[in-house]
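Visitor: give me the fold of what follows.
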Amino acid sequence: MKKKRAPVVVDTNVTIVANHRKDEPLPWVAACACALNEITKSGVAVIDEENLIFNEYKRYLSFAGQPGVGDQFFKWLVDNRYRDDRVARVVLLADPQNPDEFLVFPKDPQLSTFDRSDRKFVAVALAHAERPPVLNAVDSGWWHHKDALQRNGVLVRFVCGEEIFKR
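Guide: Have a look, this model is predicted:
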């Protein structure tokens, strides 16, 4: 029997760290690279039909798939984004009261300060039937809101370890 592929939502910072273009410590780079390689080998990337995540990736990553592992992940996503067994796409509905917000994003007051540019990742995780985890590398905003996110059904996986945020 074929093993079911696990879905996951990938914050852009994971791909950026995997590309190792800044001064990130090598263990962080390796952890992000491994997480992305795992998705391309045996996982399912979850994105939105509206291409909000895809368009953000486009700003930071290369369609050529090089020179970094984050770029390789993006190339894989481009090549597979219409293969339902490899890339899941969910519809995000805008809140009619506030078109800059998503209907599915929690109305929790403790998430009112959560970064607006990261809300699409939360919304995608919540819109997917399996509620996949969101991978985060080095964005401390996810750490500061992790309890409220978890309370609202969003699991955040800290790829580089939680230790970096506990300082």
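
Visitor: how about the strands in the chain?
Guide: Ranges of strands within the chain are 6-10, 43-48, 87-90, 94-95, 98-102, 134-136, 156-158, based on DSSP state E.

Visitor: now render those strands as TSV, adding distance to residue 78, mean neighbour count and mean pLDDT.
Guide: (Glycine included, C-beta is placed from N, CA and C.) Formatted as TSV, those follow (distance: least, C-beta to C-beta, whole Å; neighbours: other C-beta atoms under 10 Å; pLDDT from 0 to 100):
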stretch	distance to residue 78	mean neighbour count	mean pLDDT
strand 6-10	14	24	97
strand 43-48	11	22	98
strand 87-90	10	21	98
strand 94-95	26	13	89
strand 98-102	24	13	88
strand 134-136	19	24	98
strand 156-158	24	20	97
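
Visitor: rebuild those strands as CSV, extending it with distance to residue 64.
Guide: Below are those laid out as CSV (distance: least, C-beta to C-beta, whole Å):
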stretch, distance to residue 64
strand 6-10, 19
strand 43-48, 19
strand 87-90, 19
strand 94-95, 33
strand 98-102, 32
strand 134-136, 23
strand 156-158, 28
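
Visitor: number of nearby residues for residue 78?
Guide: Applying other C-beta atoms under 10 Å, we find 16 residues neighbouring residue 78.

Visitor: swap that for residue 80, sorry
Guide: Per other C-beta under 10 Å, the neighbour tally for residue 80 reads 15.

Visitor: so who does it touch?
Guide: 45, 86-87 (C-beta atoms under 8 Å, 6 or more residues apart in numbering).

Visitor: cool, residue 9 as well?
Guide: 45-47, 53, 121, 124-125, 128, 132-135.

Visitor: shaky segments in this structure?
Guide: For the chain, the stretches flagged by pLDDT under 70 are 1-3, 167.

Visitor: what is the top helix by length along it packed up against?
Guide: When the chain is parsed with DSSP state H, its longest helix is helix 26-42. Applying 3 or more C-beta pairs under 8 Å, 6 or more residues apart in numbering; DSSP states H and E, one finds that helix 26-42 makes contact with strand 6-10, helix 12-19, helix 69-80.
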